[in-house]
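> Task: produce atomic coordinates for the following.
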Amino acid sequence: MKLRDRQILQIALPSIVSNITVPLLGMIDVAIVGHMGSAVYIGAVAVGSMIFNLVYWLFGFLRMGTSGMTAQALGRRDLVEVTRILVRSASLAVGIAAVLIVLQVPLRWLMFWLIGPTEDVAPFAAAYFRIVIWGAPASLALFSLTGWYIGMGNTRIPMFVSIMQNVVNIAASLTLVYGLGLKLEGVALGTVIAQFAGLLMAVGLLVRYYGQLWRYFRDFQLFRGLRTFFTVNRDIFLRTLCLVSVNLYFTSAGARQGAVILSVNTVMLQLYLFFSYFMDGFAYAGEALGGRFYGARNGEAFRDTLRCLFGWMTIVTTAYTLLYIVGGMRIVSLLTDEPQVVSAAREYIWWAWLIPAAGCMAFIWDGIFIGVTATRGMLVSSAVSALLFFAICLMTQHFSSHISRLSLLNHGLWLAQVTYLVMRGVLQTLWYKYRIKIPAPRTTG
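Alright, predicted model coming up:
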């Protein structure tokens, strides 16, 4: 195995493990409340988890913006900037978290209006929200730390933090719920405890392995380069809004077609989620290595990394495509035993076969674009693709209403989703070809 492939796998594999463990935090909460004797507890945790997933997703720029700029600074061997980026990003994270806590009441009203929980679930979801919102400083600060670690090429620490968070969450939630009888409040407190435990571990490992970097920190230069920092994060934030709008519309459009179609779409989206766990790992490798070689002005190493990433992309995409063609319905049957859902899924399962090939390029380009901080290209490709998504949805809705075929409406929804994924990759390819230039090596003398 060549050196570049080993470098990619050293970053990608721990990231894949981290990606797999992240959803367990929510699953653990659901599993515990599922044995409390009332369905409203499950609904409350589902609504609460959805709120925080959506809110935190919008602030994902704290991770993505931090990783690319850190990798470039490391490539330039600018250790002063490396430390400055971490402090700047973490400070912003804590500031945003403070605003969320102060504005928690209007935020809760807004999210309840968007999601629309039933009257029996809403009070319990509100109780869950009021507790978990206090974990915002830890969650958002971890975004910054995780992005910084990825930029430094160290994905092992985020992996260890993710695993430890799940262990703490299980222990704390079980103790609070069954030991102290706190029920839903115990689950929420367990989540907050796990979040702060993860932050403490991440900071502790930062001091342990990177403490020597603090001698490079210059507090009076903290705001140097702030304009670039906010420009990069603004583009990522707006790009995330495009992704959120597409995902929300996809879910709501499926819901309007009835419970069965909503369930089919939800289950099939899990297949995309499984694929993303692996591809995100290689995207992180693109962020770290691409950004480092870009910052070092090493065009040969940058292009070699890109070739290797696309090689791994081809392997993973082919494997997942074959898996879904051969065993897609078996996976659906594992995720649900509802006969109507399984039966209806057979009509749409072939869309899942297209998901890996449709979305693979966007994952790799996202990693590269974050690494070289070409965030405007990410924004433009996502915005144009989102517009195309909504155009296809509207056209399909028009035609299906004229011929009275509900199945056509959902096929159109999947056509829009697959086209959206493909176009992101295509537009980013064009952006890279015509807009991104690798800086020439610095000359001396």
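> Help me confirm that Gly198 comes into contact with Ala141.
No. Contact criterion Cβ atoms under 8 Å: Gly198 and Ala141 do not qualify, at 9.6 Å. Backbone N, C-alpha and C define where each C-beta goes, glycine included.
> Who has more neighbours out of those two?
Taking other Cβ atoms under 10 Å, Gly198 and Ala141 do not tie; Gly198 has more neighbours (28 against 25).
> What are the neighbouring residues in contact with that one?
By Cβ atoms under 8 Å, 6 or more residues apart in numbering, Gly198 lies in contact with Ala138, Leu142, Val161, Ser162, Met164, Gln165, Val168.
> Quick check: the third one touching Ala202?
Read it as Val161. Yes. If you go by Cβ under 8 Å, Val161 and Ala202 touch, sitting 5.1 Å apart.
> Common neighbours of those two, please.
Leu142, Thr146.
> ok, so what distance separates the closest residue to Ile150 other than its chain neighbours from Asp120?
In space, and not counting its chain neighbours, Ile150 is closest to Ser67: 4.2 Å by Cβ to Cβ, 6 or more residues apart in numbering. Relative to Asp120, Ser67 is positioned 42 Å away (Cβ to Cβ, to the nearest Å).
> same thing with Met50?
Met50 is 17 Å from Asp120, by Cβ to Cβ.
> for Leu13, same thing?
Taking Cβ to Cβ as the measure, Leu13 falls 44 Å from Asp120.
> So for these two, which residue has more residues nearby?
Counted by other Cβ under 10 Å, Leu13 and Asp120 do not tie: Leu13 has more neighbours, with 17 against 12.
> pretty sure the more buried one contacts Phe282?
No. Leu13 is beyond contact range of Phe282, at 9.9 Å (criterion: Cβ under 8 Å).
> what helix or strand is Phe160 on?
Phe160 belongs to helix 156-174 when elements are defined using DSSP states H and E.
> Would you mind identifying the next helix or strand past that helix?
helix 184-210.
> burial count for Tyr56?
Considering only other Cβ under 10 Å, Tyr56 is surrounded by 17 other residues.
> From Val161, how far out is the closest residue to it other than its chain neighbours?
Spatial nearest neighbour of Tyr56, chain neighbours left out: Ser139 (5.9 Å); criterion: Cβ to Cβ, 6+ apart. Here the criterion is Cβ to Cβ. By it, Ser139 lies 12 Å from Val161.
> And Trp365, by the same measure?
Taken as Cβ to Cβ, the span from Trp365 to Val161 is 27 Å.
> same question, Ala362
27 Å.
> between the two, which one's more packed in?
Ala362 (26 against 23).
> Quick check: pLDDT value at that one.
Model confidence at Ala362, expressed as pLDDT, equals 96.
> quick one: contacts for it?
Ala362 touches Ser381, Leu421, Arg424, Gly425, Gln428, counting by Cβ under 8 Å, 6+ apart.
> Can you name the next helix or strand after the helix or strand harbouring Ile370?
Per DSSP H and E, Ile370 falls inside helix 339-371. As assigned by DSSP H and E, the chain's next helix or strand after helix 339-371 is helix 375-403.
> What count of nearby residues applies to Leu238?
Leu238 has 16 neighbouring residues, counting by other Cβ under 10 Å.
> Count the neighbours of the residue lying closest to it once chain neighbours are set aside for me.
In space, Leu238 comes closest to Leu379 once its chain neighbours are excluded; the distance is 5.4 Å by Cβ to Cβ, 6+ apart. Residues lying near Leu379 (other Cβ under 10 Å) number 20.
> by contact count, what packs against the strand or helix carrying the residue nearest to Tyr56?
Using DSSP H and E, Ser139 maps to helix 136-151. Contact here means 3 or more Cβ pairs under 8 Å, 6 or more residues apart in numbering; DSSP states H and E; on that basis helix 136-151 packs against helix 39-58, helix 61-75, helix 79-102, helix 156-174, helix 184-210.
> Out of the ones you listed, the one nearest Leu238 is which?
Between Leu238 and the helices and strands packed on helix 136-151, the tightest spacing by Cβ to Cβ is seen for helix 61-75, at 9.3 Å.
> got a list of what Ile392 touches?
Contacts of Ile392 (Cβ under 8 Å, 6+ apart): Gly412, Leu415, Ala416, Thr419.
> do that again at 6 Å, thanks
By Cβ atoms under 6 Å, 6 or more residues apart in numbering, Ile392 lies in contact with Leu415, Ala416.
> gap between it and Arg239?
20 Å.
> And the strand or helix carrying Arg6, what does it pack against?
If you go by DSSP H and E, Arg6 is part of helix 3-21. Helix 3-21 is packed against helix 156-174, helix 259-285, helix 299-335, with contacts defined by 3 or more Cβ pairs under 6 Å, 6 or more residues apart in numbering; DSSP states H and E.
> could you check the angle helix 156-174 makes with it?
10 degrees (axes from the mean of the first three to the mean of the last three Cα atoms, to 10 degrees).
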